[in-house]
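Colleague: build the 3D model from these lines:
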Amino acid sequence: MEQLGIWTVPLAVAAILLFCLFRRVPVFDAFTGGAKEGLRTALSILPTLVGLMTAVTMLSASGALDLLAQILHPLADALGLPAGVVPLVLMKPVSGSGSNAILAQILQQYGPDSFTGRVASVLAGSTETALYCIAVYYGAVGIKRTRHTLPAALTGDLAACLAAPLAIRLVFHGA
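Modeller: Numbers count the residues shown, from 1 in each chain. Predicted coordinates:
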């Protein structure tokens with residue numbers, strides 16, 4: 001099985017090259033054209049990425065995330081969410097790497113087998129970095145109005161917030 005993994009990429013590249021030669025595609029020209037287009041796309045989304053990273057860093061460093069988590073603590077209780085996962089719920093739509101760091105903190109503080117750790121793990125795997133994806137992908141193709149995308153994505157995250165504690169209770173506590 002290890003040999004299969006070692007040979008998969010070289011065989012895929014060889015197959016693509018053979019297909020292109022068979023179809024008489026100018027391989028190097030197609031490659032450089034794709035690379036140029038990729039660089040243009042990267043440059044067009046760079047300001048959006050810098051803005052998002054700046055906002056995430058400021059949100060975390062200023063203590064605003066912790067303050068907002070404290071304010072939302074009663075709502076989290078009403079939804080059945082442990083208070084410890086509220087920072088993750090707030091960060092996940094904005095930043096994948098920021099939410100991974102918060103998840104690591106939650107798992108270190110509460111433990112991976114705790115109710116809080118399990119709910120945080122389910123939320124990390126079942127929610128999306130909606131604002132990041134919308135900014136990057138819509139920005140790459142020049143879409144300015146997101147219309148229903150953001151409400152739909154955040155509704156999905158809310159559904160995950162409601163289902164995660166229930167699922168953990170059902171699976172691990174049999175209630």
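Colleague: can you give me the buried ones in stretch 106-115?
Modeller: 106-107, 110, 115 (16 or more other Cβ atoms under 10 Å). Yep, even glycine has a C-beta here, placed from its N, CA and C like the rest.
Colleague: same thing with stretch 44-63?
Modeller: 45, 48, 52, 56, 59-60.
Colleague: filter these down to just the ones in helices.
Modeller: The members of the buried residues of stretch 44-63 that map onto helices under DSSP state H are 45, 48, 52, 56, 59-60.
Colleague: lowest-confidence helix or strand of the chain?
Modeller: For the chain, using mean pLDDT, DSSP states H and E, the weakest element among its helices and strands is helix 139-141, scoring a mean of 79.
Colleague: show the subsequent helix or strand relative to it.
Modeller: The C-terminal neighbour of helix 139-141 among helices and strands, as given by DSSP states H and E, is helix 149-173.
Colleague: show me what that following helix packs onto, helices and strands only.
Modeller: Under the contact criterion of 3 or more Cβ pairs under 8 Å, 6 or more residues apart in numbering; DSSP states H and E, helix 149-173 touches helix 73-79, helix 115-126, helix 130-133.
Colleague: mind checking how far that helix is from the chain centre?
Modeller: 15 Å (Cα atoms, centre = their mean, to the nearest Å).
Colleague: likewise for stretch 80-90?
Modeller: Taking Cα atoms, centre = their mean, the mean C-alpha location of stretch 80-90 is offset from the chain mean by 17 Å.
Colleague: also stretch 29-45?
Modeller: Here the centre of mass of C-alpha atoms in stretch 29-45, compared against the chain's by Cα atoms, centre = their mean, lies 24 Å away.
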